[in-house]
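Undergrad: kindly generate the corresponding structure for this input.
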Amino acid sequence: METAAIETKLIVIRQDARKVDDATVKALAASIAEIGIINPLRVRPSRGFVDGVQSDVYEVIAGVHRLKAARKAGLDAVPCVIVDDDDLHAELAMIDENLCRAELSPADRAAQTARRKAIYLELHPETARGVAGADARWNATDNLSFASETAAAIGKTERTVQRDAERGEKISDRALALVRGSRLDTGEYLDKLKKLPHDEQVAKVQRDRTQPVQARKPVKIADDPLSDMESQERQVAALMAAWNRASPDARQEFLQRIETPVFDAGAA
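TA: Okay, the predicted model is just below:
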């Protein structure tokens, strides 16, 4: 592992890299133009095309947004950490950087975490003892290593890691792709979707995407406090309404009672 300044034209982006967020790139470009790049990009040697000619290049493992922003800011070279990661470790590093980002949607987070688990189990098959089948449940012994290691790597809780991985494992790739970026892309919706068999999930998402959005009920705002006069008027109106609803016998009984002196609780 070494650190060096590498020309931006010699750095290429992985084909499976997550789509960059234009707003993030714009904000980073402004920061880079003012103070430069604080965290070096992580790259590995590769082969690619520069100005139409195949040559030695460097593939970004982590730092695509920084690279795009650096180019936007007009930098000719950027600081990089050069590693010799194999394909699995390179993908793992890329996923970790994605999972550290706050703007990932629930569907993206589910897909990325499930993929990270698959890579982790391939790199550490000993942790998969007792885990069999698509319906295997989380087990403290078999999955603790993945959950704890991932939580530490991305700054989340183990429970969050387990939840996201479970969503990604139980929901088909096609269903997740349909949900991604839509109004259905919420944790609550994914938790309902994961309970369905894979062959029913896509149809449900397609139906739900076409359903009209239900308008939210307006929030009721409390009335302004009543003045003494308004309060008295309402009380008199309530008494008159009760009188009008009362039977003749009830009215007679009422008149007899109010003629009899009674204890006034309000004067106590």
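
Undergrad: next structured bit after the lowest-mean-pLDDT helix or strand in the chain?
TA: Lowest on mean pLDDT, DSSP states H and E among the helices and strands of the chain sits helix 140-154, with a mean of 76. Sequence-wise, the next helix or strand downstream of helix 140-154 (DSSP states H and E) is helix 158-170.

Undergrad: what is that next one packed up against?
TA: When contacts are defined as 3 or more Cβ pairs under 8 Å, 6 or more residues apart in numbering; DSSP states H and E, helix 158-170 packs onto helix 106-123, helix 140-154, helix 187-193. Just so you know, the C-beta spots here come from the backbone N, C-alpha and C atoms, and that holds for glycine as well.

Undergrad: leaving out sequence neighbours, find the closest residue to Ala69.
TA: Excluding its sequence neighbours, the residue lying closest to Ala69 (Cβ to Cβ, 6 or more residues apart in numbering) is Leu28, at 3.5 Å.

Undergrad: so for the host helix or strand of that neighbour, what gets flagged as buried?
TA: Element membership for Leu28, per DSSP H and E: helix 22-35. Neighbour counts over helix 22-35 (16 or more other Cβ atoms under 10 Å) mark Val25, Leu28, Ala29, Ile32 as buried.

Undergrad: of the residues you listed, closest to Pro106?
TA: Each of the buried residues of helix 22-35 was scored against Pro106 by Cβ to Cβ, and Val25 proved nearest at 22.8 Å.

Undergrad: how near is the closest one to Leu75?
TA: 13 Å (Cβ to Cβ, to the nearest Å).

Undergrad: ok, now Pro40?
TA: Distance from Pro40 to Leu75, by Cβ to Cβ: 13 Å.

Undergrad: same deal with Glu158?
TA: The value you get for Glu158 to Leu75, if Cβ to Cβ is used, is 39 Å.
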